[in-house]
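1. all I have is the shape, not the residue letters:
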Ligand code: ADP
């Protein structure tokens, strides 16, 4: 444990130059997209000259965003391993109980050390502990220390030139609470998300850890079964299960680890997780799958909705239970038709619950919030409603409560219009879901099995999307 006695002495920064402890991309599984994104840094650290000669601006830092235990630290280490550069790390929580001036001098030393052994990678775990937005929710003076640490970090990041060969990676689960100054260009200006693994990813992670264990069957015999038993588990939980299973087998004086040991280990780890956060039940999972399938199918058959990239029921952090990801709409202007179709697609989740499961859940809250905002905007800001007319009442960012520049009669008209518009969109959504009932069920069941579906899976089940996706961007 750290006490006040080692202030200024014991460096927290761990430099790992020992080649034997090196981690490579092959040691990190189930996050191929993140690996691909982080490759750019590897490329740069290996060939800095190529970038410099061309005058290219080199990325300085990236945020690795994802729930705890998903391998952010591991991936940062692997990036150092692949680039054959030293890895220096520090954790935001190390700064929690420090005296004034210590935090900032630690940061200064860390960067100094990194520059000395450049090219190198710095990893700041739990950056939110230092990087929380300044001037927010503090009662004690301890905030000053955090602020001065954060300021030092900003100074260091601005200070080292892009040619100094230091790349800073930082891990967090809460990019939303970070000080905006950290996210400016030249600092952590890119985000790489690392989600919890889907069933295929879990299978791959299990295989990594099963290799180290003496088993009574082929590793794949275990990995497939175990992956199916562990939805919502992060890589760290999987490593934990494998270790537990070996311990349980050892305690029983077994020569090999068997499936029953893994079963017991899974139960034990689930027990531990349930204390930390709610583990999703089978029924809830089914509801999420039908809900997400509803979004996917509705969007597929609406001309002006955005084409879908992937839909998944892998829980992400504490927020959404599942989610569907669309090609981001980059248009600055949106038509009434686009907004209508977007509204229907957003309501697709609730509609699927109602039509296919016969009961509705609280899972649509976030969707309904979006729909409410979108529809109010059309009626009261964009002048889309004939009844309200070509008037625009911009809302304050923090909500609808304000001195309204319109009469209560107008307020009534706006409210009624919004209600009617949403009802109309829901009617249309229900129609689509009713017509495509079987397909919604098919996709939901496949989601339960595979957890993540990509566009090509949807093409297989739903047929090519009946509209050209380029149409919308030509607006
Ligand atoms: P984070 O930094 O996201 O909280 P870590 O990288 O510290 O998570 O993960 C903790 C441990 O869990 C790792 O050291 C590794 O043993 C295991 N682990 C987590 N994610 C993965 C993964 N994707 N592949 C392999 N092992 C993983």
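-> Great, that's in hand. What you are looking at is a predicted structure, and each value in this text was computed from that prediction instead of being measured. Numbering: from 1, shown residues only.
2. surely residue 146 and residue 132 touch.
-> Yes: between residue 146 and residue 132 there is a contact at 7.3 Å, judged by CB atoms under 8 Å. Quick note: C-beta positions are derived from backbone N, CA and C, even for glycine.
3. residue of this protein closest to the ligand, please.
-> Across the chain, the shortest distance to the ligand (CB to the nearest ligand atom) belongs to residue 235, at 2.0 Å.
4. show me what from this protein comes close to the ligand.
-> Within the chain, the positions near the ligand by CB under 6 Å from any ligand atom are 28-31, 68-74, 171, 205, 208, 235-236, 239.
5. could you pick out the buried ones from those residues?
-> 28-31, 69-74, 171, 205, 208, 235-236, 239 (16 or more other CB atoms under 10 Å).
6. what packs against the helix ranked longest in the chain?
-> Secondary structure of the chain per DSSP state H: the longest helix is helix 408-435. Secondary-structure packing of helix 408-435 (3 or more CB pairs under 8 Å, 6 or more residues apart in numbering; DSSP states H and E): helix 282-300, helix 336-352, helix 365-376.
7. what angle sits between the second one and helix 365-376?
-> Between the axes of helix 336-352 and helix 365-376, defined by axes from the mean of the first three to the mean of the last three CA atoms, to 10 degrees, the angle is 150 degrees.
8. from residue 416, how far off is the most far-flung residue of the chain relative to its centre?
-> No residue in the chain sits farther from the centre than residue 409, which is 43.5 Å out by CA atoms, centre = their mean. Separation of residue 409 from residue 416 (CB to CB, to the nearest Å): 11 Å.
9. so, low pLDDT: which residues of the stretch 51-200 of the chain?
-> By pLDDT under 70, the low-scoring segments of the stretch 51-200 of the chain are 96-100, 134-143, 160-163.
10. and residue 108, how many neighbours does it have?
-> Using other CB atoms under 10 Å, residue 108 is surrounded by 15 other residues.
11. what about the residue nearest to it when sequence neighbours are not counted, distance to residue 85?
-> Nearest residue to residue 108, sequence neighbours excluded (CB to CB, 6 or more residues apart in numbering): residue 152, at 6.1 Å. Distance, residue 152 to residue 85, by CB to CB: 23 Å.
12. about what we covered before: now, the buried ones among the residues of the chain next to the ligand that are in strands?
-> In strands, judged by DSSP state E, the following of those are found: residue 171.
13. in helices, which of the buried ones among the residues of the chain next to the ligand fall?
-> Using DSSP H, those in helices are 72-74, 205, 208, 235-236, 239.
14. of the residues you listed, which pair is most distant in space?
-> The span of these, defined through CB to CB, is set by 72 and 208 at 16.5 Å.
15. which residue comes closest to residue 368 once chain neighbours are left out?
-> Closest to residue 368 by CB to CB, 6+ apart is residue 350, at 7.5 Å.
16. who touches stretch 357-368?
-> With CB atoms under 8 Å, 6 or more residues apart in numbering as the test, stretch 357-368 has contacts from 286-288, 290-291, 320-321, 346-347, 349-350, 353-354.
17. 7 Å instead, please
-> By CB atoms under 7 Å, 6 or more residues apart in numbering, the list of residues contacting stretch 357-368 from outside reads 287-288, 290-291, 320-321, 346-347, 349-350, 353-354.
18. now neighbour count and pLDDT too, for those, in CSV please.
-> Converted to CSV, the contacts of stretch 357-368 look like this (neighbours: other CB atoms under 10 Å; pLDDT from 0 to 100):
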residue, neighbour count, pLDDT
287, 24, 93
288, 26, 92
290, 27, 96
291, 30, 95
320, 15, 48
321, 20, 58
346, 24, 94
347, 27, 96
349, 31, 95
350, 24, 96
353, 21, 96
354, 20, 96
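19. which two among the residues you listed are spaced furthest apart?
-> Going by CB to CB, the pair spanning these furthest: 320 and 354, at 19.4 Å.
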